[in-house]
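Trainee: Quick one, structure for this:
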Amino acid sequence: TITLDYSPKTAVSTSVAISASASVSNSASGNNLTALRWASGEKTVADFAVPSFGTDVPPSDSFSVTENGKYTVYAADSAGLSAVQTIEVSNIITLAPTITLDYSPKTAVSTGVAISASASVSNSASGNTLNALRWASGEKTTADFAVPTFGTDVPPSGSFSVTANGKYTVYAADSAGLSAVQTIEVSNIITLAPTITLDYSPKTAVSTGVAISASASVSNSASGNTLNALRWASGERTAADFAVPAFGTDVPPSGSFNITENGMYTVYAADSSGLSAVQTIEITNIVTQAPT
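Mentor: Next comes the predicted model:
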């Protein structure tokens with residue numbers, strides 16, 4: 001009679017030990033065990049007929065295997081009888097967790113983005129589970145996360161918020177002892193408001209009026225950030241004054257507008273990320289009184 005077992009039965013990434021023992025019938029009559037061998041795969045007594053087939057089970061009555069599958073143990077007694085018994089191992093994990101990352105929104109924003117992170121483990125049917133899912137800023141390795149306090153746990157919601165562009169690394173580890181990292185880069189967070197450039201002409205004394213030229217450039221246009229508004233108003237204004245979309249006058253496509261009075265003029269620019277800026281220019285060269 002052959003008795004087989006293996007341990008551990010939890011998910012492992014290294015190996016399991018198969019214990020194998022055999023007892024013979026009527027040992028009191030002098031019957032004894034003459035062979036106890038093992039081989040990978042599902043084998044028959046006939047396969048073990050050749051004495052060199054298989055590997056002797058060590059005196060410790062256990063042998064280590066590093067691959068999932070079936071293993072057969074063969075026992076023979078001095079009476080000439082033999083038997084085989086097969087055991088299947090399925091809890092050796094060879095594939096590290098798979099990490100899936102994404103972020104949203106992908107349009108230009110000034111507030112931050114949410115990075116979604118999930119991980120799946122190999123061979124969960126064997127009891128393999130996800131033991132850790134953490135993140136850290138920068139491009140990191142599994143060695144960086146070896147210290148359990150390194151990084152921040154991904155919340156149960158499966159996403160975390162970041163407010164700075166750059167690379168972010170997510171680490172996943174399973175109960176078998178395997179781990180992996182995956183890196184994602186965020187580049188659509190805008191931190192600089194639009195830059196406004198103003199000028200006017202002519203600068204000599206005039207009685208008719210001057211043309212104020214106004215242009216604006218946005219930060220990180222490569223990320224999809226665009227200029228959403230370019231408006232002007234007389235006087236010294238703030239961005240809050242322009243919060244109402246109807247306030248002020250659009251700068252024409254030509255990039256300039258005419259004014260006929262001296263004074264302060266404010267230009268407002270807003271981008272698609274939600275950032276805005278104002279710039280003020282003063283005109284003093286418009287002459288309205290004839291010589292005396």
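
Trainee: in stretch 125-134, what counts as buried?
Mentor: S126, N128, A132, L133, R134 (16 or more other Cβ atoms under 10 Å). C-beta here means a position set from N, CA and C on the backbone, and glycine is covered the same way.

Trainee: before we move on, what about stretch 239-251?
Mentor: For stretch 239-251, by 16+ other Cβ under 10 Å, it's F242, G248, V251.

Trainee: so can I have CSV of those residues showing secondary structure, distance to T266 and pLDDT?
Mentor: Output for those, formatted as CSV (DSSP: H, G, I helix; E, B strand; the rest coil; distance: Cβ to Cβ, whole Å; pLDDT from 0 to 100):
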residue, secondary structure, distance to T266, pLDDT
F242, helix, 8, 98
G248, coil, 8, 97
V251, coil, 12, 98
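
Trainee: Could I get the contacting residues of the spatially most central residue of the chain?
Mentor: A centroid search over the chain (Cα atoms, centre = their mean) returns L101, at 3.7 Å, as the residue closest to the centre. Going by Cβ atoms under 8 Å, 6 or more residues apart in numbering, L101 touches I115, S116, A117, V170, Q182, T183, I184.

Trainee: Which strand or helix spans the third one?
Mentor: Under DSSP states H and E, the secondary-structure element containing A117 is strand 113-120.

Trainee: in its sheet, what does that strand sit against?
Mentor: Strand 113-120 sits in its sheet next to strand 98-104 (antiparallel), strand 159-162 (antiparallel), going by DSSP bridges.

Trainee: Give me the subset of the buried residues of stretch 125-134 that lies in strands.
Mentor: Judged by DSSP state E, strands contain the following of the buried residues of stretch 125-134: A132, L133, R134.

Trainee: picking up where we left off before, now that we have the buried residues of stretch 125-134, can you turn them into TSV and tack on pLDDT and distance to P51?
Mentor: Formatted as TSV, those follow (pLDDT from 0 to 100; distance: Cβ to Cβ, whole Å):
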residue	pLDDT	distance to P51
S126	90	35
N128	96	39
A132	98	49
L133	98	52
R134	98	54
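
Trainee: Looking at the residues you listed, which is nearest Y268?
Mentor: R134 (43.5 Å; Cβ to Cβ).

Trainee: List the contacts of that closest one.
Mentor: F145, F150, G151, T152, D153, V154, V170, Y171.

Trainee: Just the buried ones from these?
Mentor: Looks like these have F145, G151, V154, V170, Y171 buried, using 16+ other Cβ under 10 Å.

Trainee: on that earlier part again, turn the buried residues of stretch 125-134 into CSV, including distance to V162.
Mentor: Formatted as CSV, the buried residues of stretch 125-134 follow (distance: Cβ to Cβ, whole Å):
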residue, distance to V162
S126, 35
N128, 30
A132, 20
L133, 16
R134, 14
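
Trainee: Among the residues you listed, which one lies nearest to S25?
Mentor: S126 (35.7 Å).

Trainee: gap between the nearest residue to the closest one once chain neighbours are set aside and T14?
Mentor: Nearest residue to S126, sequence neighbours excluded (Cβ to Cβ, 6 or more residues apart in numbering): N91, at 4.1 Å. Distance of N91 to T14, given as Cβ to Cβ, to the nearest Å: 11 Å.

Trainee: more crowded one of these two?
Mentor: N91 (20 against 11; other Cβ atoms under 10 Å).

Trainee: OK, contacts around A22?
Mentor: T1, I2, T3, L33, L36, V73, A75, A83.

Trainee: Dump those residues into CSV; add neighbour count, pLDDT and secondary structure as well.
Mentor: Compiled in CSV, the contacts of A22 are given as follows (neighbours: other Cβ atoms under 10 Å; pLDDT from 0 to 100; DSSP: H, G, I helix; E, B strand; the rest coil):
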residue, neighbour count, pLDDT, secondary structure
T1, 10, 96, coil
I2, 17, 98, strand
T3, 13, 98, strand
L33, 14, 96, strand
L36, 19, 98, strand
V73, 26, 98, strand
A75, 25, 98, strand
A83, 14, 98, strand
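
Trainee: where do the helices sit along this structure?
Mentor: Applying DSSP state H to the chain gives no helices.
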